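Peer 1: Okay, sequence plus prediction incoming.
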Amino acid sequence: MTNIRHTVIPIIIAAILSGSCSTEYRIYVSSEGNDRHPGTKAQPVASVGKAIQTVRSAKRGKATIVLRQGVHYLEEPVTILPSDPEIRFTAMRGEKATVSGARLLTDLQWKPCKGRIMQTKIEQDGILFDRLYVNGRQQPSARYPDFDVTASHYNGAAPDAIAPPRVQSWKKPAGGYLHALHRHEWGGYHWRITGKEENGELQLEGGYQNNRLMGMHDRYRFVENIFEELDASGEWYFDATEKILYFLPPDSVELSAARIETPQLEELFVLQGSEENPVKRAVIENLTLTHTLRTFMNTKEPLLRSDWTICRRGAIRIDGAEHCSVRNCHIVQTGGNAVFFSNYNHDNTVSGCHIEHAGASGICFVGDPAAVRSPAFEYHEFVNIKDMDMTQGPVGNNFPTHCTVSDNLIHDIGEVEKQTAGVHISMSQNIIVSHNTIYRLPRAGINIGDGTWGGHLIEHNDVFDTVLETGDHGAFNSWGRDRFWHPDRKVMDSIVKRYPLLPVADAMHTTSITNNRFRCDHGWDIDLDDGSSNYFISNNVCLNGGIKLREGFRRTVENNIIINNSFHPHVWFAGNGDVFRRNIVAAPYFPVRINDWGTETDCNLFPDEASLNKARANGTDTHSAAGDPMFADPAAGDYRTGKNSKAATVGFINFDMKRFGVTSPRLKTVACQPSFPQLINLSTGTDESETVFMGVQMKNVTTSGERSAAGLAQTTGVWVLEVFPESEMEGALQKNDVILSFGNRKINNIRDLKEARMATGKRFKIGIVRHQKEQTLTVSPKEKQ
């Protein structure tokens, strides 16, 4: 009995003390509550702001703020400081709580304007009109050309968007916006219209949203917020001077009963601390976050020498925090970035979130440029070697480290800004991006802007339908214009020869890209661009665009599967240390200016002897093989090789085909899957048989009669027999055309055409003979909707 007493009594005392000293409590928030209430479940407060005040006044150690069913409109962003307790924001179990940065417009008195256009006076002062939502659906600002969901760029673009005759028809264009792609499709630009000249030229401010300032595209451009362009169902215009909102309602909208909202805030949650005094263990979970302002006119900060500028804002911005998490949130219809990690961040996570319809990027990690040694900020800038800090690594710790992005569904983003990504990393270290599904976006799914400071792990992601509105990019993209990199190749060669460790002065830790599935139909599946160094790339399935390595050092690419494409080595340095081995390719390599083939290019599987022999002609692939990889079920995306495949003879090892993308059942149910391409067989296409390729029935030109009928100089080329509807060549090629060149390649037969198509990007030129006359077509394949 004594022993029991001695054991039980201390436990009881400890339990009592634990209960009495507990500092965690709950505050409930309901749109039907009252800010004079104590915040209990029975008597909730009405606003998140009041809940924060209550938590701060209580001075407890931990708090949970529970949001009840409904929309919680914020007057200002919820800001969490290091002095605050550990706060968890969550929805009531089984209820949907939405945090909105919009203002609900009430007591609107609509009256006819002209035609079907309606108008109403906005009596409240200070209301911003950047976007308009009617019954939860975003409506397009009055624009030219009109909003078209099927259009390939900007939901509608036109070369004459700012043609002087059109501009002259606008009475008061000031306050409108001009949006345009970069001249080379490397992202986009935005301008605010401030007026017009008598000759019809616009007066503009802006155009700084890209770090490669080379002017706007001559075709992909549109204007918005112009009253005279208010001519399509759903369009609206706000006259800021007269405070009148004009709207051409769709037939399905009854204005008298419509719920009309317009965003007022750029950010919803801000965790603001520092390395010395960070916010700790804050949690945002199980909430819907929506309706923030667009930020494109604030996208000004250049990110080293990548093509990016950035706006350090997001629906959630975390700046100076440790052990914080965003989980199981639905972040939708944000005008800018969804989640932004700025400067010092350590051991923070974003998991289980569904991010869609963002104006800019999904999740960004961006450190402090002051942590970079000898930084340069524009493509042509370079710090002279005599002035350069040669020390490896960063200065201090004011950048994101050891953070994780996992099990997130990210799609339909970059709807406003085009230099964006599903996940973007710059000036950061040891970031894990794992088991995310990312698709339908204008540029890269995952982008690493520079080599500072590496150590990232990109694994088990499913990334597809990428680079839809831009070009010269990849589903995964990186740059490495770090200290060693110089835009003049000769200068860069001499620098690296003299300082061989300089390429890893910034890219000091190896970044791994492993066990992912990528698809890019308008670029490369994996694109390591200018200078990207210190990468390990393995066990990836590349469904269309192949793998490109440009410049850079110390890249190992092994045990990858490249479908319908091959390896693209571009402009390599002597002594680069690159390795390409034990990969399965579907075509010969596509080298550009390669004199040094790295440390090892060998033990790869080619589709046929002709492809292998091309590689061996470069002095590579002595131990490589050729043959059918015998994929298990390519139509279903199972690219494991058969037991009798020659892949085993070169050391290729099968890997799991079922672990790409999100893992939680809730997200897997709604996530899309990539389309799996029909395999291109290069072993056919040199004989007289007919073939269907690119949606075209074709055959080789093989007889003198065919040569004579077409008016050809030689008995070579590919004869078009039929162009099938909805194919990528519909509207370009015609029956009885003869294809003589594709891109910059001469076409002798169908095999040449297949290789050329694999090596060619989003748009290309085709040389043909039509009606016995040679001509060149510029082709933009039809986009898949």
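Peer 2: All right, it came through fine. Numbering: from 1, shown residues only.

Peer 1: Would you enumerate the residues in contact with residue 644?
Peer 2: residue 630 (CB atoms under 8 Å, 6 or more residues apart in numbering). Using the backbone N, CA and C atoms, a C-beta is placed for each residue, glycine as well.

Peer 1: Equivalent analysis for the one 3 residues further on, please.
Peer 2: Taking CB under 8 Å, 6+ apart as the definition of contact, the neighbours of residue 647 are 584, 605, 629, 630, 641.

Peer 1: do the same with residue 735
Peer 2: If a contact means CB under 8 Å, 6+ apart, then residue 735 has 720, 721, 722, 723 as its contacts.

Peer 1: Please report the distance of the spatially most central residue of the chain from residue 342.
Peer 2: The central residue of the chain, meaning the one whose C-alpha is nearest the mean C-alpha position (CA atoms, centre = their mean), is residue 421 at 2.2 Å. As defined by CB to CB, to the nearest Å, residue 421 lies at a distance of 16 Å from residue 342.

Peer 1: what does residue 585 give?
Peer 2: Summarising the geometry, the distance separating residue 585 from residue 342, computed by CB to CB, is 40 Å.

Peer 1: Compare neighbour counts for the two and give me the winner.
Peer 2: Neighbours around residue 585 and residue 342, counted as other CB atoms under 10 Å, are more numerous at residue 585. The numbers are 28 against 25.

Peer 1: on that earlier part again, so who does the nearest residue to the residue nearest to the centre of the chain once chain neighbours are set aside touch?
Peer 2: Once flanking residues are discounted, residue 421 sits nearest to residue 447: 3.8 Å by CB to CB, 6 or more residues apart in numbering. By CB under 8 Å, 6+ apart, residue 447 lies in contact with 308, 421, 423, 424, 425, 476, 477, 478.

Peer 1: Next, format these as JSON lines and append pLDDT, secondary structure and distance to residue 510.
Peer 2: As requested, these are arranged in JSON lines below (pLDDT from 0 to 100; DSSP: H, G, I helix; E, B strand; the rest coil; distance: CB to CB, whole Å):
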{"residue": "308", "pLDDT": "96", "secondary structure": "strand", "distance to residue 510": "23"}
{"residue": "421", "pLDDT": "98", "secondary structure": "coil", "distance to residue 510": "21"}
{"residue": "423", "pLDDT": "98", "secondary structure": "strand", "distance to residue 510": "19"}
{"residue": "424", "pLDDT": "98", "secondary structure": "strand", "distance to residue 510": "20"}
{"residue": "425", "pLDDT": "98", "secondary structure": "strand", "distance to residue 510": "15"}
{"residue": "476", "pLDDT": "98", "secondary structure": "strand", "distance to residue 510": "16"}
{"residue": "477", "pLDDT": "98", "secondary structure": "strand", "distance to residue 510": "18"}
{"residue": "478", "pLDDT": "98", "secondary structure": "strand", "distance to residue 510": "13"}
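
Peer 1: out of those residues, what pair is the most spread apart?
Peer 2: For the contacts of residue 447, the farthest-apart pair by CB to CB is 308 and 476; their separation is 15.4 Å.

Peer 1: So for these two, which residue has more residues nearby?
Peer 2: A count of neighbours by other CB under 10 Å puts residue 476 above the other of residue 308 and residue 476, at 32 against 29.

Peer 1: for that one, what are its contacts?
Peer 2: Residues in contact with residue 476 (CB under 8 Å, 6+ apart) are 444, 445, 446, 447, 458, 463, 513, 516, 518, 525, 526, 527.

Peer 1: The same query, at a cut-off of 6 Å, please.
Peer 2: Residue 476 is in contact with 446, 518, 526, counting by CB atoms under 6 Å, 6 or more residues apart in numbering.
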